[in-house]
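[1] Fold the following, please.
(one chain, ligands or ions: 1)
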Amino acid sequence: MAYLTLKNINKIYPNGYHAVHNFNLEIEKGEFVVFVGPSGCGKSTTLRMIAGLEDISNGDFLINGKRANEMGPREREVAMVFQSYALYPQMTVYDNIAFGLTLQGVDEEVIEKRVQNTARILGLTDYLDRLPRALSGGQRQRVAIGRAIIRKVGIFLMDEPLSNLDAKQRVTMRYEIAQIHQETGATTIYVTHDQTEAMTLADRIVVMKDGYVQQIGTPYELYYKPANVFVAGFIGEPPMNFIRGTVKGGCIQMGDNVFDLKKKYKDVGKYEGKDIVFGFRPEAIALQSQPDAYAVKANVELTEMLGDNTNVYITSGDKQAILKVDSHDTPETDVDIDFYIPYEGVYLFNAESEKVII
Ligand code: ADP
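    Purely as a prediction, here's the structure:
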């Protein structure tokens, strides 16, 4: 039996707005699950329904197989970390971390031990006497996490915990959150709009858009087997290139380049005369000629040297794409280049439903 079960969960706000549609998910004990998607897609609403901070309009939420829809947050044994750290400004780091246990009337000695242990995990030992205003953003967020993990609850919920930090702090805290999870083994549900956070932290990712789940899978599955155009475009940086075109004689065109789709998909005849989306990732190309690949000629509009690689913006006719190449291979701008898209790196999508074909 799964630890947490969400069965056909819906949220309709009092103003009639249907924010979450038929959300289905089973979470195992110890899993790190990330909800990801653009702002407004229903991630926080779903998390808040799990936390017990928001009513579930319909559907069932089960903890260990037991219906939990009507349970209060305390009974669900959840701890939540918010984007705004919500620390008590007049209390020291020690007292902020200890607060939940103090409220529960836990023995002072036990509290001391657990605060010290939590502080050690989070690297806060030297800051226990400070007030929150004397801490950096990253340290404050660590205190907020400490306050949650000290309670040793079953479910750990995090809503965009890193979004108030600068880029460098985000990377450090991401690593720390992964380590804390390894150390505590707590079941964690984490909300973010940042695909890198999702990919690096998650055992499984739930991709959402407009209140609907688009796909649930491991980072590997989402990257290599996207279910639709949205997921393919959301996961990966720069995003997957999409060439939309009408299938004629089993082929579509990118400028003067003709792609024989039969090489990829033998039943392409079904799409004759219809629109199709041809997708390939910027990094899944080669600059040297190779077998089993579409050869493409295109003009280089712009290059961005990023260090170990370069983004190359190309056009061919009215179509545009981005290639990611080794920075030693950075081409000149305003010249034509040849590149190769291996058939195995190509995705075809139904242009109408946007679902993957192959
Ligand atoms: P996300 O976390 O993915 O950014 P939210 O779950 O916060 O998205 O919101 C999903 C949608 O529900 C948004 O369109 C938001 O405006 C709407 N929404 C959030 N809270 C309320 C509310 N209390 N009443 C009505 N609509 C709301």
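[2] check contacts around the spatially most central residue of the chain.
    Compute the mean C-alpha point of the chain, and by C-alpha atoms, centre = their mean the closest residue is A198, 3.1 Å away. Taking C-beta atoms under 8 Å, 6 or more residues apart in numbering as the criterion, A198 is in contact with 34, 36, 192, 205, 219, 235. In short, each C-beta sits where N, CA and C put it, glycine included.
[3] any idea whether it is helix, strand or coil?
    Of the three states, A198 takes helix under DSSP: H, G, I helix; E, B strand; the rest coil.
[4] Offset the numbering so it begins at 35, please.
    Yes, from this point I'll number from 35; that puts the last item at A232.
[5] measure whatever residue of the stretch 135-284 of the chain ends up closest to the ligand to N275 for me?
    Relative to the ligand, the nearest point of the stretch 135-284 of the chain is V225 (6.1 Å; C-beta to the nearest ligand atom). Relative to N275, V225 is positioned 28 Å away (C-beta to C-beta, to the nearest Å).
[6] Those two: which has the busier surroundings?
    Neighbours of V225 and N275, each counted by other C-beta atoms under 10 Å, are more numerous for V225; the result is 26 against 22.
[7] how about the longest strand seen in the chain: buried residues?
    Longest strand of the chain, by residue count under DSSP state E: strand 327-339. Of the residues in strand 327-339, 327-328, 330, 332, 334, 337 count as buried by neighbour count, 16 or more other C-beta atoms under 10 Å.
[8] Not counting it itself, show me its contacts.
    Outside strand 327-339, the residues touching it (C-beta under 8 Å, 6+ apart) are 288-291, 293-294, 297, 320, 323, 344-350, 354-355, 361, 364-377, 380.
[9] cool, and stretch 241-259?
    Contacts of stretch 241-259 (C-beta under 8 Å, 6+ apart): 52-59, 69-72, 75-77, 80, 232-234, 236-240, 260-262, 264-265, 268-270, 390.
[10] what about that stretch and the ligand, touching?
    No - Stretch 241-259 does not reach the ligand (C-beta under 6 Å from any ligand atom); its nearest approach is 6.7 Å.
[11] taking the mean pLDDT, what do you get for that stretch?
    Averaging pLDDT along stretch 241-259 yields 98.
[12] in the stretch 135-284 of the chain, which spans are strands?
    189-193, 221-226, 238-243, 246-251, 275-280 (DSSP state E, counting those that start in this stretch).
[13] can I get those strands in a markdown table with distance to I211?
    Shown next, in a markdown table, are the strands of the stretch 135-284 of the chain (distance: least, C-beta to C-beta, whole Å):
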| stretch | distance to I211 |
| --- | --- |
| strand 189-193 | 8 |
| strand 221-226 | 8 |
| strand 238-243 | 15 |
| strand 246-251 | 21 |
| strand 275-280 | 32 |
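[14] Alongside the ligand, which residues does the stretch 35-184 of the chain contribute?
    Going by C-beta under 6 Å from any ligand atom, the residues of the stretch 35-184 of the chain near the ligand are 47, 49, 51, 53, 71, 73-79.
[15] Mind picking the two most distant members of those residues?
    The span of those, defined through C-beta to C-beta, is set by N49 and G71 at 21.4 Å.
[16] Comparing the two, which residue is more hemmed in?
    G71 (26 against 5).
[17] Could you list which residues are in contact with the more buried one?
    77, 227, 241-243, 248, 268.
[18] isn't the residue of the stretch 135-284 of the chain closest to the ligand right up against D193?
    Yes - using C-beta atoms under 8 Å, V225 is in contact with D193, at 4.8 Å.
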